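Visitor: for reference, the sequence and a predicted model appear below.
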Amino acid sequence: MRLFVLFSEDTQKFISNYMVMGLVPLDKVLHFLVGLIITLVMRFLSFKMKYVFLLLAALEIIKEFNDYAVLNSSRLEQVYDIVATFLYPLILLGVLRFKERLRLKIRQKD
């Protein structure tokens, strides 16, 4: 059962199999970019990180369900897609938490 078809099956297979610079699948690069862009836009609009993660999780569930229906993607490939999508928001969350802890240590010294 297909939910939606953003790209044709041939295009989706190309995206899944093409290697950027011979190293990284285009599919993973696009997942990373979607996670990055959604995170940046939502943070610019002052959304908290938990809402960024909720939106990304909802979109990712829909996307991976569709990929399974259209491309018969494996569970391992779905996990890699999820990791690629959440990579930037997770790094940003780590940076924000580190920054907050550093700020607290500076305040305690004053």
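Guide: Perfect, thanks for sending it. Numbers count the residues shown, from 1 in each chain.
Visitor: and the residue nearest in space to the middle of the chain, how far is that from residue 13?
Guide: Geometric centre of the chain, nearest residue: residue 85, 1.4 Å, by CA atoms, centre = their mean. For residue 85, the distance to residue 13 (CB to CB, to the nearest Å) stands at 20 Å. C-beta coordinates here come from the backbone N, C-alpha and C atoms, glycine included.
Visitor: buried residues of the top helix by length along the chain, list them for me.
Guide: Criterion DSSP state H: the longest helix present in the chain is helix 75-109. Neighbour-count burial for helix 75-109 flags 77, 78, 80, 81, 82, 84, 85, 86, 88, 89, 92, 93 (criterion: 16 or more other CB atoms under 10 Å).
Visitor: same question, stretch 20-34
Guide: 25, 27, 28, 29, 31, 32, 34.
Visitor: quick one, what contacts the nearest residue in space to the third one that is not next to it in sequence?
Guide: Distance criterion CB to CB, 6 or more residues apart in numbering; nearest residue to residue 28, sequence neighbours excluded, is residue 84 at 4.3 Å. Contact partners of residue 84, counting by CB atoms under 8 Å, 6 or more residues apart in numbering, are 27, 28, 29, 31, 32, 35.
Visitor: nearest to residue 63, of those residues?
Guide: Residue 63 has its nearest neighbour among the contacts of residue 84 in residue 31, at 8.6 Å by CB to CB.
Visitor: might you report the residue contacts of residue 67?
Guide: Here residue 67 is in contact with 12, 73, 77, 78, 81 (CB under 8 Å, 6+ apart).
Visitor: oh sorry, the question was meant for residue 7
Guide: residue 15.
Visitor: now do the SS call for it.
Guide: At residue 7 the chain is in coil, as set by DSSP: H, G, I helix; E, B strand; the rest coil.
Visitor: so what pLDDT did it get?
Guide: Note on residue 7: pLDDT of 72.
Visitor: before we move on, what about residue 95?
Guide: 97.
Visitor: would you check how far apart it and residue 9 are?
Guide: Taken as CB to CB, the span from residue 95 to residue 9 is 39 Å.
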